[in-house]
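Chemist: here are the coordinates; sequence isn't available:
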């Protein structure tokens, strides 16, 4: 079946270092969404990418959607302790009826 | 605060039992989604309701069922509970749910522990 894979599963960085998580789908996606879940919290919507090759920025966060619309990435510049959490990508299934979530990348930041 | 409420926050029960989880969507949202989050399986989509009607089904077991009421709140019923059903259950809502661009707003979740 359709799968959305994320790597790495875990990443630990020193505060101020950069961080990137990658998302790959087994099929072409109509769009991709990114969510962040803080420890003990619930997923919170960050952004949606729709167009092939799209790049969007939110302050220190840069989101990219691949040209083939099968992969995406989230890059955080100069991480801060507030960036700690699990970042999920989610793509719509082929039927267009449900979001398929990746297993997430858990980021820890030490100061 | 996303505006989505879920009760109870925690639930501890025994194998074989039946429980009901409740969700109230954000004001004005017509769609409700249920997800199961466990350590090994990640966030798994269970089922979606739109304005009272079932719209999409994911990896939902036959022992589980859901419904959405006229006031748009939703309940997820889990029966014949097994140890492996222990997980966080999230409800999310969106304005419509008929378009792939809808943002989903997640509730705080219900942590279910089956002993």
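Modeler: Arrived safely. Small disclaimer: the values here were computed from a predicted structure and weren't measured. Numbers count the residues shown, from 1 in each chain, chains lettered A, B, ... in the order given.
Chemist: Contacts for the worst-scoring helix or strand of chain A on mean pLDDT next, please.
Modeler: Among the helices and strands of chain A, strand A:99-101 carries the lowest confidence by mean pLDDT, DSSP states H and E, at a mean of 88. With contact meaning C-beta atoms under 8 Å, 6 or more residues apart in numbering or on different chains, strand A:99-101 is reached by A:2-4, A:25, A:33, A:35, A:88-93, B:35, B:42-45, B:104. To be clear about C-beta, it is placed using only N, CA and C from the backbone, and glycine gets the same treatment.
Chemist: Make a PyMOL selection of the buried ones in these.
Modeler: Restricted to buried positions by 16 or more other C-beta atoms under 10 Å in any protein chain shown, the PyMOL selection for the contacts of strand A:99-101 reads:
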select buried, (chain A and resi 4+25+33+35+88+89+90+91+92+93) or (chain B and resi 35+42+43+44+45+104)
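Chemist: Now intersect the contacts of strand A:99-101 with the strands, please.
Modeler: A:4, A:25, A:33, A:35, A:88-92, B:35, B:42-45 (DSSP state E).
Chemist: Dump those into a markdown table; add distance to residue B:96 and pLDDT as well.
Modeler: Below are those laid out as a markdown table (distance: C-beta to C-beta, whole Å; pLDDT from 0 to 100):
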| residue | distance to residue B:96 | pLDDT |
| --- | --- | --- |
| A:4 | 23 | 92 |
| A:25 | 24 | 94 |
| A:33 | 15 | 94 |
| A:35 | 19 | 96 |
| A:88 | 22 | 96 |
| A:89 | 22 | 96 |
| A:90 | 17 | 93 |
| A:91 | 19 | 90 |
| A:92 | 14 | 82 |
| B:35 | 18 | 96 |
| B:42 | 26 | 82 |
| B:43 | 21 | 90 |
| B:44 | 23 | 92 |
| B:45 | 17 | 91 |
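Chemist: Where does residue 56 fall, secondary structure wise?
Modeler: Picking chain A for this. strand A:55-58 (DSSP states H and E).
Chemist: not what I meant, chain B
Modeler: strand B:53-57.
Chemist: Show me what the next helix-or-strand element following that strand is packed up against.
Modeler: Counting by DSSP H and E, the next helix or strand C-terminal to strand B:53-57 is strand B:64-68. Applying 3 or more C-beta pairs under 8 Å, 6 or more residues apart in numbering or on different chains; DSSP states H and E, we find strand B:64-68 packed against strand B:42-50, strand B:74-78.
Chemist: before we move on, back to that, right, is the strand holding residue A:56 up against chain B?
Modeler: No: Strand A:55-58 lies apart from chain B when judged by C-beta under 8 Å from any C-beta of the partner chain; the minimum separation is 13.9 Å.
Chemist: quick one: low-confidence parts of chain B?
Modeler: For chain B, residues meeting the criterion pLDDT under 70 lie at B:97-101.
Chemist: Return the residues of it in contact with chain A.
Modeler: Listed as neighbours of chain A in chain B under the rule C-beta under 8 Å from any C-beta: B:2, B:35, B:42-45, B:48, B:55-56, B:58, B:90, B:92, B:100-101, B:103-109.
Chemist: among these, which ones are buried?
Modeler: B:2, B:35, B:42-45, B:48, B:55-56, B:58, B:90, B:92, B:100, B:104-109.
Chemist: Run through the residues that contact the most centrally placed residue in chain A.
Modeler: With distances taken as C-alpha atoms, centre = their mean, residue A:89 lies nearest the centre of chain A, 4.1 Å away. The neighbourhood of residue A:89, defined by C-beta under 8 Å, 6+ apart, consists of A:4, A:6, A:21, A:23, A:32-35, A:72, A:74, A:101-102.
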